[in-house]
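1. sharing a sequence plus its predicted fold:
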Amino acid sequence: MSRQNVVNVISLFSHKSSKREWKPLEDHSCTDVPWLLLFILFCIGMGFICGFSIATGAAARLLSGYDSYGNICGQKNVKVEGIVNSGLDLTHKKYVFFLDPCNIDLVHQKIKSIALCVSACPRKELKTLADIQKFAETNGSTLCSYELQPSEYTTDPRAAKLCPKYPVPESAPIPFFHRCAPVNISCYAKFAEALITFVSDSSVLHRLISGVMTSKEIIMGLCLLSLVLSMILMVIIRYISRVLVWILTILVILGSLGGTGVLWWLYAKQRMSVGALETQIAKDNLQALLIYAIAATVFTVILFLIMLIMRKRVALTIALFHVAGKVFIHLPLLVFQPFWTFFVLILFWTYWITVLLFLGTTGSPVPNEEGFVEFRMAGPLKYMWWYHVVGLIWISEFILACQQMTVAGAVVTYYFTREKRNLPFTPILGSVNRLVCYHLGTVAKGSFIITLVKIPRMILMYIHTQLKGKENACARCMLKACICCLWCLEKCLTYLNQNAYTATAINSTNFCTSAKDAFVILVENALRVAAINTVGDFMLFLGKVLIVCSTGLAGIMLLNYQRDYTIWVLPLIIVCLFAFLVAHCFLSIYEMVVDVLFLCFAIDTKYNDGSPGREFYMDKVLMEFVENSKKSMKEAGRGGGAEGRELKPMASGASSS
């Protein structure tokens, strides 16, 4: 009797547990609050770094600029001990001028030149010291070091070292940053050559950049074209998804059969001729052809069997793509989700780069080997930039995770609303509201896990770059293997995180519980997951290629009629990269919607069977797929066949609930 009671208690507990695990949109509670507090504290630390750099004068040095003696341009300065020409009153000298602006140190990423504060930048080229002297007398702007008077420019032997290298290029002040920058950017040809390996001389670089500037209207038009093509493709995929998937499947099978047949034909032809030649090379070629033909045959047979086994899952992929198209019709704001995410990322990256520049000018003035001033931080403060780099990764991943949670919440609302006519007016805004009110901690935890994987991978990549050409083959292989493993782990965790966010959006559970529940569902539907992530991803990849090729073809046709420059390869590269970025943003949202729909579908089929009181939430297209699966399962015998085995745990899951 006691054993029966225990069994009843366990069954009651499992019944309640299953009810607790999946109650779509019924409960809303805060999740992973400690992680939200930790993330807020981390952001406060990021703010402290920004405040510290501003409080120590870094903002003034960055915006107003400073000379080689530690003086900030445009204000009175304090004397730096041991440094001559420091502590000057430079109120009327607001611009930084470099004596040799084109002498760039690529290793330390700085201009190797004496910097001075001047009252005006030379607006025309100065070819001799006499021109520099005349400019100083006319404009009151001394371009030589402070200890030289304008009258001494042509007579003092120190002028060769303390005056700018002539000819002094025409320059203009950079807006907001008060630096005199050469107008002709060919001055930086050597720097550009280090970054762009295919540029061999400054004239080529000049023509490339002039090509970009001349064709900027065409570039903007082509970028707009890629945007329109991406939106059109998302609509087309919905209506021709069935035809498109089967066309790709047939082409892959026919390609494999054709390649295998060609190899066997070449082997037979070579075998008939090798008897007459009887050379070792001919025999080696014959053996190689035999190996290739056997390998191709094995590959084709395996591919055919996989296609045969997964044909039902291909049908599910088609149905999910069709329903995803309906989701975008009911939730049109989903299309604009990548733009908002990209806009927020741009704002954060701008802030991050600004603070990084602040950190570059933060610290106490210290004389360097040449007798000039550099600003360096001492003690633990010099490691603040490491904290800043971690902030870049974590907060960027947090923003991307917020997008995933927002999309998941909106799609979950769509799926688990039985009457689609009764959808909320703005499911996207409702999803954002639930994210902000309840699930920011879950997003912070998931993004931190990705950060923990990314940081070691980036460190290993940096080490690999620094040791390039110095390490032995074994060390290089190990480094690449570690980087590859971390990359694979990152991709797996990203996929699991996305499904965990979906589970959180459905049931308001914390990150670990959601990840566990989602993982169980994915394992139960492993074959379907494989089909969706192979067939579906391949379709979307071909869509990206189609958009890039279409935009590139249009670019070639338009740029071919532009005769104002000779080289238009750089504008075309810019357009193709932008087209791929836009296509990736749009189709990645499509892929995300498909993944969310699949998890909702798997949960729906596990806990509902269509009977009264346990009606399906799914769309009619998915319901047709379920009905067809049930028919095929009955024909094959319950529990027989791959599809039957996969549906069996769903039926038992439904009965247990």
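-> That came through fine. Residues are numbered from 1 along each chain as shown.

2. pretty sure Ala172 is in a helix, no?
-> No: remark: Ala172 does not belong to a helix; assigned using DSSP: H, G, I helix; E, B strand; the rest coil, it is strand.

3. bridged to it, which residues?
-> With DSSP bridges applied, the residues forming beta bridges to Ala172 are Ala181.

4. you'd agree Asn608 is up against Ala602?
-> No: between Asn608 and Ala602 there is no contact under C-beta atoms under 8 Å: 11.3 Å. The C-beta positions use only the backbone N, C-alpha and C, and glycine is treated the same way.

5. residues contacting Met458?
-> Ile393 (C-beta atoms under 8 Å, 6 or more residues apart in numbering).

6. could you measure from it over to Tyr495?
-> Noted for Met458: a distance of 20 Å to Tyr495, by C-beta to C-beta, to the nearest Å.

7. next, count neighbours for Leu429.
-> Number of residues near Leu429 (other C-beta atoms under 10 Å) recorded here: 13.

8. should've said Ile54
-> 15.

9. same thing with Met377?
-> Neighbour count for Met377, taken as other C-beta under 10 Å: 18.

10. next up, phi/psi of the closest residue to it other than its chain neighbours, please.
-> Among residues not flanking Met377 along the chain, Gly363 sits closest, at 4.0 Å (C-beta to C-beta, 6 or more residues apart in numbering). Main-chain dihedrals, Gly363, degrees, to the nearest 10: phi 130, psi -170.

11. hmm, Gly363 is touching Arg376, no?
-> Yes: contact status for Gly363 versus Arg376: in contact at 4.6 Å, counting by C-beta under 8 Å.

12. shared neighbours, these two?
-> Counting by C-beta under 8 Å, 6+ apart, the shared contacts of Gly363 and Arg376 are Lys382.

13. which one's more surrounded, the two?
-> Neighbours per residue (other C-beta under 10 Å) separate Gly363 from Arg376, with Gly363 holding more: 18 against 12.

14. ok, now how distant is that one from Met384?
-> Gly363 is 10 Å from Met384, by C-beta to C-beta.

15. which neighbours do these two have in common?
-> Taking C-beta under 8 Å, 6+ apart as the criterion, Gly363 and Met384 both touch Met377.

16. pull the number of nearby residues for Lys505.
-> Careful, residue 505 is Ala; it's not Lys. Using other C-beta under 10 Å: Ala505 sits among 31 other residues.

17. residues of the helix or strand that contains it that come out buried?
-> Taking DSSP states H and E as the criterion, Ala505 maps to helix 473-507. Residues of helix 473-507 classed as buried: 479, 482-483, 486, 490, 493-494, 496-507 (neighbour count, 16 or more other C-beta atoms under 10 Å).

18. does Phe135 touch Pro122 like I think?
-> Yes: between Phe135 and Pro122 there is a contact at 5.9 Å, judged by C-beta under 8 Å.

19. quickly list what's touching both of those two.
-> Ser141, Leu143.

20. so Val96 sits in a strand?
-> Yes: looking at Val96 with three-state DSSP, it is inside a strand.

21. could you check how many residues crowd around it?
-> Using other C-beta under 10 Å, Val96 is surrounded by 25 other residues.

22. likewise for Val545?
-> Neighbours of Val545 under the rule other C-beta under 10 Å: 12.

23. phi first, then psi, for it.
-> Main-chain dihedrals, Val545, degrees, to the nearest 10: phi -60, psi -40.

24. can you pull out the low-pLDDT segments for the stretch 1-150 of the chain?
-> The model of the stretch 1-150 of the chain has pLDDT under 70 over residues 1-23, 25-26, 57-58, 102-112.

25. mind listing the strands for it?
-> For the stretch 1-150 of the chain, the strands defined by DSSP state E, counting those that start in this stretch occupy 95-98, 104-105, 110-111, 115-118.

26. and the contacts of the first one?
-> Which is strand 95-98. Contacts of strand 95-98 (C-beta under 8 Å, 6+ apart): 65-67, 73, 111, 113-121, 143, 164, 171, 173, 178-180.

27. what about the nearest residue to Cys144 once chain neighbours are set aside, distance to Thr138?
-> Once flanking residues are discounted, Cys144 sits nearest to Cys163: 4.1 Å by C-beta to C-beta, 6+ apart. Cys163 sits 16 Å away from Thr138, going by C-beta to C-beta.

28. who's more crowded, these two?
-> Between Cys163 and Thr138, counting by other C-beta under 10 Å, Cys163 is the more crowded of the two (23 against 9).

29. may I see the buried residues of the helix or strand hosting Thr406?
-> Assigned by DSSP H and E, Thr406 belongs to helix 384-415. For helix 384-415, burial by neighbour count (16+ other C-beta under 10 Å) applies to 384-385, 388, 390-415.

30. so where do the helices sit in the stretch 51-200 of the chain?
-> Counting by DSSP state H, counting those that start in this stretch, one finds helices in the stretch 51-200 of the chain at the ranges 58-64, 129-139, 159-162, 189-195.

31. looking at these, spot the one closest to His92.
-> Closest to His92 of the helices of the stretch 51-200 of the chain is helix 129-139 (C-beta to C-beta; 11.9 Å).

32. quick check: Lys382 touching Phe375?
-> No: with contact defined as C-beta under 8 Å, Lys382 and Phe375 do not form a contacting pair (11.4 Å).

33. stretch 603-613: end-to-end distance?
-> 16 Å (C-alpha to C-alpha, to the nearest Å).

34. and Thr504, what is it in contact with?
-> Neighbour list for Thr504: Thr31, Met405, Ala408, His439, Thr442, Asn510, Phe511, Ser514 [criterion: C-beta under 8 Å, 6+ apart].

35. hang on, isn't the second one packed against Ala503?
-> No: under the criterion of C-beta under 8 Å, Met405 is not in contact with Ala503, lying 10.9 Å apart.

36. please identify the helix or strand for the nearest residue to Lys480 once chain neighbours are set aside.
-> Spatially, and ignoring its direct neighbours in sequence, Lys480 is nearest to His464 (7.2 Å; C-beta to C-beta, 6+ apart). Following DSSP H and E, one finds His464 within helix 440-466.

37. what of Ala324?
-> helix 311-330.

38. for burial, what's the neighbour tally of Cys43?
-> Neighbour count for Cys43, taken as other C-beta under 10 Å: 15.

39. I figured it hits Trp394, correct?
-> No: counting by C-beta under 8 Å, Cys43 stays clear of Trp394, with 9.3 Å between them.

40. which residues do these two both contact?
-> Contacts common to Cys43 and Trp394, judged by C-beta under 8 Å, 6+ apart, are absent.

41. just the CA atoms of stretch 431-441, as CSV, please.
-> Taking C-alpha atoms only, stretch 431-441 is exported to CSV below (Å, rounded to 0.1, in the frame of the first residue of the first chain):
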residue,chain,number,x,y,z
SER,A,431,7.5,41.3,-26.2
VAL,A,432,9.9,44.3,-25.6
ASN,A,433,7.8,45.2,-22.5
ARG,A,434,8.0,41.6,-21.1
LEU,A,435,11.8,41.6,-21.8
VAL,A,436,12.4,44.8,-19.9
CYS,A,437,10.1,44.0,-17.0
TYR,A,438,10.9,40.3,-16.5
HIS,A,439,13.8,38.8,-18.5
LEU,A,440,16.8,41.1,-18.7
GLY,A,441,18.6,38.9,-16.2
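
42. mind listing what's buried along that stretch?
-> Per 16+ other C-beta under 10 Å, stretch 431-441 contains these buried residues: Ser431, Val432, Arg434, Leu435, Tyr438, His439, Leu440, Gly441.

43. pull the contacting residues for the last one.
-> Neighbouring residues of Gly441 by C-beta under 8 Å, 6+ apart: Cys30, Thr31, Asp32, Val33, Pro34, Trp35, Leu36, Leu37, Phe39, Asn510, Phe511.

44. the fifth one now?
-> Applying C-beta under 8 Å, 6+ apart, one finds that Tyr438 lies in contact with His28, Ser29, Cys30, Thr31, Ser508.

45. so how far is Cys437 from the first one?
-> Read that as His28. 8 Å.

46. got it, and the fourth one?
-> Look at Thr31 and Cys437: by C-beta to C-beta, they are 11 Å apart.

47. same thing with the last one?
-> According to C-beta to C-beta, Ser508 stands 11 Å off from Cys437.
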